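Engineer: what's the 3D shape of this:
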Amino acid sequence: MTGIDRELLAERAASVGRHLDRVAAHLPADPDGLGPLSAATDTVVLHLWQAVQVTIDLAVSSCVRLGLGSPPTYGDAVRTLAAAGVVDGELADRLARAAGFRNLVVHANADLDLRRVHAIASDGPADLRAFLAALRDRAAG
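Structural biologist: This is a model prediction of the structure:
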């Protein structure tokens, strides 16, 4: 068990921050502002997906580095960290749903509900930042 790499975490957290800044800059105030095949929608979806991807990659690597095993799914990664006391259980549940959003975007299993994307882009960044803060606190402790 080697623990969480502080330098890697700082670099990845900065990357997530940049992606979330792009989401915030392009997210219309009204959900109806996200429309199919629009530049705003493309930017919000792309950068939100990237922020989620980096975050769940950190969850998986943290499980391995903390000696918690290699989780079979992204959702399992955050739930494993919650079981180990690294993150709050409710936060882990929300992050597991974020992993589901990531899967939907990547695998294009269905058309995206743009009202839901707007809600995720409005509320989800706080969860990603809370997760990064929990890892930072763990790495510092």
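Engineer: and the closest residue to Ala40 other than its chain neighbours, what is it in contact with?
Structural biologist: Computed as Cβ to Cβ, 6 or more residues apart in numbering, the closest residue to Ala40 that is not its neighbour in sequence is His26, at 5.0 Å. Where you see a C-beta, it was placed from the backbone N, CA and C, and this is true even at glycine. By Cβ atoms under 8 Å, 6 or more residues apart in numbering, the contact list for His26 reads Ala39, Ala40, Thr43, Val44, His47.
Engineer: Tell me which residues touch Arg12, please.
Structural biologist: Val54, Asp57, Leu58, Leu132.
Engineer: What strand or helix carries it?
Structural biologist: In the assignment (DSSP states H and E), Arg12 maps to helix 6-26.
Engineer: How about Gly85?
Structural biologist: Using DSSP H and E, no helix or strand contains Gly85.
Engineer: Quick check: phi and psi at it.
Structural biologist: Backbone torsions of Gly85, given as degrees, to the nearest 10, read phi 80, psi 10.
Engineer: what's the neighbour count on it?
Structural biologist: Close neighbours of Gly85, defined as other Cβ atoms under 10 Å, add up to 10.
Engineer: likewise the one 4 residues further on?
Structural biologist: The burial count assigned to Gly89 is 13, neighbours taken as other Cβ under 10 Å.
Engineer: which residue sits closest to it, ignoring its sequence neighbours?
Structural biologist: Ala82 (4.5 Å).
Engineer: Quick check: that neighbour vs Glu7, distance?
Structural biologist: Ala82 sits 25 Å away from Glu7, going by Cβ to Cβ, to the nearest Å.
Engineer: Which one of those two is surrounded by more residues?
Structural biologist: The neighbour comparison of Ala82 against Glu7 (other Cβ under 10 Å) goes to Ala82, with 19 against 8.
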